[in-house]
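>>> Give the three-dimensional model of this entry:
(one chain, ligands or ions: 4)
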Amino acid sequence: MFNKASFLTRLVASSVRVSEAAGGIIKNVMAGGDLKIVDKSESGGGGGYDPQTEADRRAQYCIVQSLQRHFHDIKIIGEEEDTTACPELEMGFNEDVLLSDRLMSNELKEIKENEVVVWVDPLDGTSEVALAVKNKNLALLEQVTVLIGIAYKGRPVAGIIHQPYHSTSGRTVWAIKGCGIHGLVPVTESSQKIVVTTRSHLSESVSSALEALKTRNLADNVEKVGGAGYKVLKVLEGCAAYVFASAGCKKWDTCAVEAVLDAAGGKLTDISGRDIRYESDVQLNNTGGVLATASWVKHQDYIDTIPQEIKNNLPEISSKK
Ligand SMILES: Nc1ncnc2c1ncn2[C@@H]1O[C@H](COP(=O)(O)O)[C@@H](O)[C@H]1OP(=O)(O)O
Ligand SMILES: [Mg+2]
Ligand SMILES: [Mg+2]
Ligand SMILES: [Mg+2]
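Ligands and ions are numbered 1, 2, ... in the order given. Here you go, the predicted model:
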């Protein structure tokens, strides 16, 4: 069945399994107790404290090696430049994904390996991992996700969000364009408009955007939590929007989650309402910020309410410098 399925279905089926293997590696490193944290901003990354742990490095190695072994011509762009080798694992694939093959459009069925860009965030929420260990507050680990996003012609067509610390054995939420969302049942209405935003990268523009939303009853409450993946899961499970009016996150933070949110009827753009592009040569930073909304609110209301001066300070830069 696997070999008969189209390339995109096989890539997603493998990526679901690989994300779960990466989640296991993250848990093993955490259980070992020695994160070997480095601060990437010290090696010229700029932009303030930017931690990377042994879990980030091992998870990325596992994901990239496994996918490249089975799909030689895909282009993979991962967050971490430094990785740590880990034993080769025979991944297999997730059988449920294969069932999507019959639902896929012909255009997606005909996608070839050299036409996709795979955006990998091996561990989203590294700041929360560092804080969880420092404060011995393991509840923060629920905010950790593994993100694998698949882009075709510059736009997301599939996404995988693995949440290793969700309940006891973790969970994987995945979607292929036009084939629905799997791994959770999205909330389709809520009496309260809760907006989620950053815990560790707050700034003047982030706060001002949230204040503006509150005045228009688009944010009854604001929750500050970590991770782009975790915040989109919160939007899928009842929050109204994820608003990040800052240039800090990258294409690997948003490609997977945009594909999953889109499949649930939500929407993700920059804060000016522009689509985020995912070609292999784009600027890695999401310089226009991130606005993700649930299916049951109007995305345009949030765009219209964010002050123009904040948008002007977050221009879109689409080509790599
Ligand atoms: N200034 C920044 N520098 C590095 N990464 C950032 C920055 N801002 C956001 N991110 C990335 O975007 C994610 C969402 O941001 P936040 O948690 O602040 O809402 C973070 O988990 C982090 O991903 P990662 O943990 O993979 O490095
Ligand atoms: Mg990081
Ligand atoms: Mg990230
Ligand atoms: Mg990361």
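
>>> Tell me the residues on the stretch 51-200 of the chain that lie near ligand 4, please.
Glu79, Asp121, Leu123, Asp124 (C-beta under 5 Å from the ion). For every residue, glycine as well, the C-beta is placed using N, CA and C.

>>> Low-confidence ranges, this protein, go.
44-47, 318-321 (pLDDT under 70).

>>> Which parts of it belong to which domain?
What the TED database lists as the domains of the chain is 2-182, 194-313.

>>> Could you count how many residues lie near the residue nearest to Ala264 when sequence neighbours are not counted?
Nearest residue to Ala264 in three dimensions, chain neighbours excluded: Pro186, at 4.0 Å (C-beta to C-beta, 6 or more residues apart in numbering). Residue neighbour count, defined by other C-beta atoms under 10 Å, stands at 20 for Pro186.

>>> Over to Pro186. Which of the three states is it?
Following DSSP: H, G, I helix; E, B strand; the rest coil, we place Pro186 in the coil state.

>>> Neighbour-wise, which one of the residues of the stretch 51-200 of the chain next to ligand 4 leads?
Highest neighbour count within these, by other C-beta under 10 Å: Asp121, with 32 neighbours.

>>> Checking that one next. Helix, strand or coil?
Looking at Asp121 with three-state DSSP, the answer is strand.

>>> Start the count at 39 instead of 1 going forward.
Noted, 39 is the first residue going forward, which turns the last one into Asp159.

>>> Name all residues that make contact with it.
Residues near Asp159 by C-beta atoms under 8 Å, 6 or more residues apart in numbering: Gly116, Glu117, Thr183, Val184, Leu185, Ala266, Gly267, Lys288, Trp290, Asp291, Ala294.

>>> Switch those over to a markdown table; also include secondary structure and distance to ligand 3.
Below are the contacts of Asp159 laid out as a markdown table (DSSP: H, G, I helix; E, B strand; the rest coil; distance: C-beta to the ion, whole Å):
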| residue | secondary structure | distance to ligand 3 |
| --- | --- | --- |
| Gly116 | strand | 11 |
| Glu117 | coil | 6 |
| Thr183 | strand | 8 |
| Val184 | strand | 10 |
| Leu185 | strand | 7 |
| Ala266 | helix | 6 |
| Gly267 | helix | 7 |
| Lys288 | strand | 7 |
| Trp290 | helix | 6 |
| Asp291 | helix | 4 |
| Ala294 | helix | 10 |
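
>>> For the residue lying closest to Gly265 once chain neighbours are set aside, give me its contacts.
Distance criterion C-beta to C-beta, 6+ apart; nearest residue to Gly265, sequence neighbours excluded, is Gly163 at 3.5 Å. Taking C-beta under 8 Å, 6+ apart as the criterion, Gly163 is in contact with Gln181, Val182, Thr183, Gly264, Gly265, Gly267, Tyr268.

>>> And Thr331, by the same measure?
Thr331 neighbours (C-beta under 8 Å, 6+ apart): Val273, Ala278, Ala279, Tyr280, Gly304, Lys305, Leu306, His337, Tyr340.

>>> 6 Å instead?
Taking C-beta atoms under 6 Å, 6 or more residues apart in numbering, we find Thr331 in contact with Ala279, Gly304, Lys305, His337, Tyr340.

>>> Please pick the buried ones from those.
Ala279, Gly304, Lys305, His337, Tyr340 (16 or more other C-beta atoms under 10 Å).

>>> Tell me which entries of those lie within helices.
If you go by DSSP state H, these have His337, Tyr340 in helices.

>>> give me the subset of the buried ones among the contacts of Thr331 touching ligand 4.
Among the buried ones among the contacts of Thr331, not one lies near ligand 4 by C-beta under 5 Å from the ion.

>>> ok, the buried ones among the contacts of Thr331 vs Ala97, which is closest?
Gly304 (26.3 Å; C-beta to C-beta).

>>> Nice, that's everything, thank you.
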